[in-house]
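Enquirer: After the sequence you'll find the predicted model.
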Amino acid sequence: MEGRKIALVVGTGTIGEPLIGLLSSMKKDLGLDEVIFHKRTPLLIDRSKVVSLLAMGAKMAAEPEFMDGFSELGIKAELTGEEAIRQADVVIDCTPAGNENKEARYSKVDDGKKVFLAQGSEFGFGKMYARGVNDSALIHGEDRFLQVVSCNTHNIAVLIHTIGMDNGNSPEDFAEGRFVCMRRANDISQDKKFIASPQAGTHADPEFGTHHARDAHQLFETMGMDLDLFSSAVKLNTQYMHTIWFQIKLRKSTTREKLLASIDANRRVAITHKTSANSVFSFGRDHGHYGRILSQTVIPIASMMLRRGTEVTGFCYTPQDGNSLLSSLAATAWAIDPEGYDKRMDCVRPFMFQEV
């Protein structure tokens, strides 16, 4: 904990922007002294966002060739991207170019102490991580490149961990998991890639179907588990939330009461008596941080059923990027304070709802 502790967020998109806000508002609790963000392109439509982030106390970094462009917008970049990377203790890449940046930039300034994080799309960046699932697999000083798994992979993983393994207490009880990810078309902040009707996905992975089950498999593999998982995906013409249909098979018979007790025992799992994505989304907009629910999943209890004592089927909602944000915060706190990071994460609990 010696010296100033600095976190750098690369990118100001749907994950980067709220992450910068979270880190800035909670930096003292998380053990940080300074938050820097890297903005690539000076755009007039982004000026209000950048000004707001600067007002929260974050500093901005930009490439030398774009600094004049930011100045013309009335925004001052205090340091270059390379300077920011060199100063940072933790670099959180929230762009779709994490692997490219790792090779071109991060590896060149790596001092053997920094921790680098990338988001779910950047397969192969480093050890996969989801808060509350495989924290025990993190090795400080060794795991310096981490991939925070995607929001739907988070959801699948926490379902397995909570329902299939009784919050990790009985991993041997899990038999298999099947999942259908019904993805929103685009984020409400995005103007492109909306679709007019449901769009079926392909099964590109011959073993796991889609990357969601593949990534969840690799996540549990960090703890020495080899799970039977398969996922499919379909994109829906909505901007609200991803929805997942799940079917988890157990090796031992259980009861609905025991399943509900496992769900209740996991403070990162939310239940709801609502049955529509828009009403759950609206709750997050009204009560979440930057409109995000930071719980790992939201399960409409009425949809969950137990068949033959060993087959659990239901639906759940993926809290936009909230679960990815939670894991990014936890990984940052772990990099800064590996012994005390769990306690430091208390600051986000008001936004981790157990009922929505």
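Expert: Happy to help now that I have it.
Enquirer: same for whichever strand or helix holds Ile299, what does it pack against?
Expert: Per DSSP states H and E: Ile299 is located in strand 297-300. Counting contacts by 3 or more C-beta pairs under 8 Å, 6 or more residues apart in numbering; DSSP states H and E, strand 297-300 packs against helix 151-159, strand 269-272, strand 311-318. C-beta: built from backbone N, CA, C; applies to glycine.
Enquirer: Who are the packing partners of the next helix-or-strand element following the shortest one?
Expert: Spelled out, that is strand 269-272. Sequence-wise, the next helix or strand downstream of strand 269-272 (DSSP H and E) is helix 277-287. Helices and strands touching helix 277-287, by 3+ C-beta pairs under 8 Å, 6+ apart: there are none.
Enquirer: ok, Phe283 touching Ile293?
Expert: Yes. With contact defined as C-beta atoms under 8 Å, Phe283 reaches Ile293; the gap is 7.2 Å.
Enquirer: Find the residues that touch each one of those two.
Expert: 353, 356 (C-beta atoms under 8 Å, 6 or more residues apart in numbering).
Enquirer: Going by neighbour count, list what's buried in the strand holding Ile299.
Expert: Buried residues in strand 297-300, defined by neighbour count with 16 or more other C-beta atoms under 10 Å: 297-300.
Enquirer: And Phe283 and Ile293? Which one has more around it.
Expert: More neighbours surround Ile293 than the other of Phe283 and Ile293, with 29 against 19 (other C-beta atoms under 10 Å).
Enquirer: Surely Ala175 and Gln247 touch.
Expert: No. In this structure, Ala175 is not within contact of Gln247 by C-beta under 8 Å, at 10.8 Å.
Enquirer: Can I get the buried residues of strand 297-300 in a markdown table including distance to Val51 and pLDDT?
Expert: A markdown table is the format used below for the buried residues of strand 297-300 (distance: C-beta to C-beta, whole Å; pLDDT from 0 to 100):
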| residue | distance to Val51 | pLDDT |
| --- | --- | --- |
| Thr297 | 34 | 97 |
| Val298 | 33 | 98 |
| Ile299 | 39 | 98 |
| Pro300 | 39 | 98 |
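Enquirer: ok, which stretches of the stretch 101-250 of the chain are helices?
Expert: Here the stretch 101-250 of the chain has its helices, by DSSP state H, counting those that start in this stretch, at 107-109, 151-159, 211-221.
Enquirer: re the thing from before, what's in contact with the strand holding Ile299?
Expert: By C-beta under 8 Å, 6+ apart, the surrounding residues in contact with strand 297-300 are 154-155, 158-159, 244, 263, 269-275, 280, 314-319, 323, 356.
Enquirer: do that again at 6 Å, thanks
Expert: Strand 297-300 is contacted from outside by 155, 158, 269-272, 275, 280, 316-317, 356, using C-beta atoms under 6 Å, 6 or more residues apart in numbering.
Enquirer: of those residues, buried ones?
Expert: Buried positions within these, assessed by neighbour count (16+ other C-beta under 10 Å), are 155, 158, 269-272, 280, 316-317, 356.
Enquirer: could those be laid out in TSV, adding distance to Ala130 and pLDDT?
Expert: Shown next, in TSV, are those (distance: C-beta to C-beta, whole Å; pLDDT from 0 to 100):
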residue	distance to Ala130	pLDDT
Asn155	10	97
Val158	7	98
Val269	13	97
Ala270	16	97
Ile271	20	98
Thr272	21	98
Val280	21	96
Cys316	15	98
Tyr317	17	97
Val356	20	96
